[in-house]
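> what follows is a predicted protein model with its sequence.
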Amino acid sequence: MSQWIAGDVLTNGVKIHYTRTGGEKPPLVLLHGFSDNGLCWTRLARDLESTYDIIMPDARGHGLSDGPGEHFLPSDRFADVAGLISELHLGKPALLGHSMGAMMTASVAADYPDLVSCVILEDPAWRDPSSEDAKVSFRDRFGWIYRLKGLSRDELIEDGRKGNPAWVDEELGPWADSKIQLNLDLLKIESVGQGLSWRSVAQRITCPALLITADTELGAIVPPTEAHDAVTLMKNGRLVHIGGAGHNIRREQYEQFKDAVVSFLQEVYLTSASR
């Protein structure tokens, strides 16, 4: 990690911060979930950096990137990723995202197909716009953030350890830092993914796509029926279900998650990227 690169790009009028492992290797962009930051991917990046040039950006309002701005729309995040890919001259990288980051990953693949080779979606925060759940405001859904904002880093780490006993210690530091860095202006947004239909996004994904789901009874978002519908709508979609995990699949069943990611990338991306 000592040789990882930290930098910023200016895209769509905002500064997007990123961390990059570097090297002449196929690029892999990792997109974090809401309230996390790019370095929340540290564990996976350590394990994959010998094979991939891994880029971990902080989304708007997260980490060390600029805030969301007064007229922020969810689609701005998608444009930010497209801008990052262009500014860093990544060609057609692979994208992997979790939760909000998985929504971003899917939408970038749908809206900017010429910029993406393949995508992996870790339990995307897909909710039908018409559902009552989708109408819940950020403030109501993520009100726990305000409690965490009053804690020190050490207190956050201890809180995270108690609330997530399956997580290894390596996950807790970046997680705590991300909560300290989070811009609370994001909580003023009226609803999560307002106006976005995951079905319309899925049916426009033409590149190879892997959807990784887990157990809804443990907190995962995407239920089996919707997971099946999603990969059916995609031109080249695949589904892997990992039991014994909730929404944070890679943090709760890391080895199974990593194996699924490595296998998929090896088959659909690494071989073609090295040609």
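Happy to help now that I have it.

> which of the three states applies to the spatially closest residue to Leu39 that is not a sequence neighbour?
Setting aside the residues directly before and after it, Leu39 is nearest to Pro174 in space (Cβ to Cβ, 6 or more residues apart in numbering), at 4.3 Å. Where C-beta positions appear, they are placed from N, C-alpha and C, glycine not excepted. With DSSP: H, G, I helix; E, B strand; the rest coil as the basis, the three-state label of Pro174 is helix.

> Pro174 and Cys40 touch, don't they?
Yes: the pair Pro174 / Cys40 is scored as a contact, 4.7 Å apart, by Cβ atoms under 8 Å.

> who has more neighbours out of those two?
Neighbours around Pro174 and Cys40, counted as other Cβ atoms under 10 Å, are more numerous at Cys40. The numbers are 28 against 19.

> helices of this protein, start to end?
Listed in chain order, the helices of the chain (DSSP state H) span 42-48, 74-87, 100-111, 138-141, 144-149, 153-163, 169-181, 198-202, 224-233, 249-252, 254-265, 271-273.

> can you give me the buried ones in the first one?
By that I understand helix 42-48. Going by neighbour count (16 or more other Cβ atoms under 10 Å), the buried part of helix 42-48 is Thr42, Arg43, Leu44, Ala45, Leu48.

> nearest to Gly91, out of those: which one, please.
Lowest distance from Gly91 to those (Cβ to Cβ) belongs to Leu48, with 18.0 Å.

> that closest one touches Ile54, doesn't it?
Yes: counting by Cβ under 8 Å, Leu48 sits close enough to Ile54 to count as a contact (6.1 Å).

> so, low pLDDT: which residues of the protein?
By pLDDT under 70, the low-scoring segments of the chain are 1-2, 128-141, 189-195, 273-275.

> Trp175 reaches Trp41, doesn't it?
No: because the distance of 11.2 Å does not satisfy Cβ under 8 Å, Trp175 is recorded as not touching Trp41.

> returning to that earlier point: how about the helices of the chain, which one is nearest Lys25?
With Cβ to Cβ, the closest approach to Lys25 among the helices of the chain belongs to helix 271-273: 8.6 Å.

> state the distance from the residue nearest to Leu39 to Leu218.
Distance check for Pro174 against Leu218: by Cβ to Cβ, to the nearest Å, it reads 22 Å.

> ok, now Gly7?
Using Cβ to Cβ, we find Gly7 at a distance of 37 Å from Leu218.

> now do Asp80
When distance is defined by Cβ to Cβ, Asp80 is 31 Å away from Leu218.

> the two: which is more packed in?
When Asp80 and Leu218 are compared on other Cβ under 10 Å, the one with more neighbours turns out to be Asp80, at 23 against 15.

> got phi/psi on Trp167?
phi -80, psi 140 (degrees, to the nearest 10).

> ok, for it, nearest residue in space, not its chain neighbours?
Take Trp167 and drop its neighbours on the chain: the residue closest to it by Cβ to Cβ, 6+ apart is Arg251, 4.9 Å away.

> run a quick neighbour tally on the one you found.
Using other Cβ under 10 Å, Arg251 has 23 neighbouring residues.

> verify the stated contact: it with Glu171.
Yes: counting by Cβ under 8 Å, Arg251 touches Glu171, with 5.4 Å between them.

> overlap of the contact sets of these two?
Where contact means Cβ atoms under 8 Å, 6 or more residues apart in numbering, the residues bridging Arg251 and Glu171 through contact with each are Asn164.

> please give me every residue in contact with the residue nearest to Trp167.
By Cβ under 8 Å, 6+ apart, the residues touching Arg251 are Asn164, Ala166, Trp167, Val168, Glu171.

> so how far is Thr19 from it?
With distances defined as Cβ to Cβ, the gap from Arg251 to Thr19 amounts to 18 Å.

> stretch 104-117: how far from the chain's middle?
The chain centre lies 13 Å from the centre of stretch 104-117; the measure is Cα atoms, centre = their mean, to the nearest Å.
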